[in-house]
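S.K.: just need the structure, nothing else, for what follows:
(one chain, ligands or ions: 1)
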Amino acid sequence: MSGLKIRVNSEIGKLRAVIMQPPGKGIERCTPLNIGSFAWDAVPSPGKAAEEHRKWVETVRSFGAGVLVFEDLLREIFALPGVREDVLPSILETERPCVTAQTLEVLREYLLGMSPRDMVDRLFFGMTKDELNRETGEVSLHDLADRRDEWCLFPMTNVLYSRDSAAVLGEGVVFGRMLNRDRMKEPACVKALFKHHPLLKDTGFKTWYGSAEGDDRPVEGGNIHCYSPNVFVVGVNERTHPESIERIARRTMESGHITDVLALLFENPRLGPQDSIGLTVHVDMFLNMIDHDAFLFFPYIEKKITVLHITRGRGDRLRITRENSLFGAIRKVLKLSSLRIVKVGGSESEAVAFAEQRAGSGGNTFTLEPGKVCIWDRNTGTIRALEKAGINVVPVEADELVKGGGGPRCSTMPLWRDDL
Ligand SMILES: NC(=[NH2+])NCCC[C@H](N)C(=O)O
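M.R.: Next comes the predicted model:
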């Protein structure tokens with residue numbers, strides 16, 4: 001794909017290029033005992049998940065968009081001279097608090113001895129300290145004796161949800177900073193792609209977050225939504241820290257075209273692992289732009305959202321005002337006279353709405369072009385409601401892909417959309 005642009009000025013402009021990633025080797029590590037720590041709802045079947053993903057990529061390609069596959073891009077840069085040596089230390093950095101310096105060095109050397117293909121698989125599959133010691137005999141006694149944590153390379157089981165590790169906003173990139181251990185290596189991999197991959201490195205992209213001193217608070221792409229060239233909407237919770245948002249807001253206002261940011265503070269009731277996965281982790285689980293004036297929304301969360309409107313203040317200060325109504329604020333910043341709201345679950349009962357939002361990621365749609373959205377096919381109530389509202393629906397089979405608590409938007413990272 002030559003002439004690739006890094007340019008996303010809305011959630012809905014016709015999709016030109018996107019990064020997607022199959023579930024990968026990491027999910028082979030999921031068991032009923034550890035899925036909670038990997039943030040999966042249920043153990044996926046690796047073969048079926050891969051097959052579903054193959055069809056999902058086919059759907060996006062047949063729409064006409066270019067799909068770049070994350071693991072292919074990684075293998076391509078790892079095959080370039082000197083790149084693995086350059087990027088591996090930063091990819092492994094997040095393991096440092098969990099292993100001794102000696103073990104980390106042994107791990108680095110072990111990975112460098114692999115082919116680019118095997119190295120990517122190994123990064124995803126992870127490695128226990130015992131596994132590394134069987135291969136090398138050089139893991140430190142300290143690490144082998146510490147039974148609290150078996151991993152020296154934590155598996156990457158959520159790479160499928162490529163949305164979260166970075167987000168393109170205008171002509172710049174927000175590199176994520178992940179909260180969960182199994183996702184912490186993802187942003188370093190994406191950064192490596194933007195630094196070294198021939199398709200990406202010369203695109204002239206700006207970096208909004210993730211490179212400057214102090215950019216070390218969490219931020220995840222599922223919380224960042226670009227509504228127009230000058231408006232973005234962002235979720236504030238444990239996955240996306242207010243300080244990260246202030247930094248991104250300042251930078252995009254100073255060196256980009258952003259004038260208005262809506263920050264949505266939402267509760268994470270943390271009723272249990274299920275709750276922290278499905279309901280409230282990212283804005284894209286309950287609110288998605290599907291057309292110029294239309295949104296898919298899970299209404300039962302509305303009362304739990306506080307809306308803060310951020311604009312430029314005096315000097316380098318931000319001005320923040322509280323808005324009383326979510327959709328009132330959206331209408332105002334988008335300068336629209338009215339909005340169309342489609343409800344997750346449609347006119348079905350509250351129980352159906354919850355089931356679709358929670359078990360089907362039914363609030364999570366991916367817009368291919370204005371008024372045309374992809375949704376996991378099990379969300380029949382939501383699909384009916386979208387169709388009734390005149391939205392063109394592309395249902396995607398995803399009984400395995402849904403088990404990690406994500407939907408079509410989570411599993412796509414758009415690089416380029418047409419301007420509206
Ligand atoms: N943008 C999203 N909604 N992503 C969903 C990610 C789900 C994944 N299991 C996690 O907890 O990180």
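S.K.: can you give me the neighbour number for the closest residue to the ligand within the stretch 51-200 of the chain?
M.R.: Going by Cβ to the nearest ligand atom, the ligand is nearest to Tyr161 of the stretch 51-200 of the chain, at 4.1 Å. C-beta: built from backbone N, CA, C; applies to glycine. When neighbours are counted by other Cβ atoms under 10 Å, Tyr161 registers 27.
S.K.: in a strand, it, correct?
M.R.: No. Secondary structure of Tyr161 (DSSP: H, G, I helix; E, B strand; the rest coil): coil, not part of a strand.
S.K.: do you know the pLDDT at it?
M.R.: What the model reports for Tyr161 is a pLDDT of 98.
S.K.: quick one, phi/psi of Leu264?
M.R.: phi -100, psi 110 (degrees, to the nearest 10).
S.K.: again, but for Ser244
M.R.: Backbone dihedrals for Ser244, given as degrees, to the nearest 10, come out at phi -60, psi -40.
S.K.: would you check that it makes contact with Arg217?
M.R.: Yes. Applying Cβ atoms under 8 Å as the test, Ser244 and Arg217 come out as touching, 4.6 Å apart.
S.K.: and for these two, which residues touch both?
M.R.: Common neighbours of Ser244 and Arg217 (criterion: Cβ atoms under 8 Å, 6 or more residues apart in numbering): Arg177.
S.K.: the more surrounded of those two?
M.R.: Ser244 (26 against 16).
S.K.: which neighbouring elements make contact with the helix or strand that Met253 is a member of?
M.R.: Element membership for Met253, per DSSP states H and E: helix 242-255. Where contact means 3 or more Cβ pairs under 8 Å, 6 or more residues apart in numbering; DSSP states H and E, helix 242-255 is packed against strand 172-175, strand 206-209, strand 231-236, strand 260-266, strand 305-312, strand 318-323.
S.K.: pretty sure the residue of the stretch 51-200 of the chain closest to the ligand is touching Gly406, no?
M.R.: Yes. Look at Tyr161 against Gly406 with Cβ under 8 Å: they come within range, at 4.5 Å.
S.K.: any common contacting residues for these two?
M.R.: With Cβ under 8 Å, 6+ apart as the test, Tyr161 and Gly406 both reach Gly222.
S.K.: tell me, how many neighbours does the closest residue to the ligand within the chain end up with?
M.R.: For the chain and the ligand, the shortest gap (Cβ to the nearest ligand atom) falls at Gly222, measuring 2.2 Å. By other Cβ under 10 Å, the residues close to Gly222 number 23.
S.K.: my guess is it meets Leu287, correct?
M.R.: No. Using Cβ under 8 Å, Gly222 is not in contact with Leu287; the gap is 11.1 Å.
S.K.: and Asp202, what are its phi and psi?
M.R.: phi -100, psi 20.
S.K.: distance from stretch 25-37 to the middle of the chain?
M.R.: 19 Å (Cα atoms, centre = their mean, to the nearest Å).
S.K.: got a list of what the nearest residue to Arg378 once chain neighbours are set aside touches?
M.R.: Nearest residue to Arg378, sequence neighbours excluded (Cβ to Cβ, 6 or more residues apart in numbering): Gly360, at 4.7 Å. Contacts for Gly360 (Cβ under 8 Å, 6+ apart) come out as 376, 378-379, 382, 402, 407.
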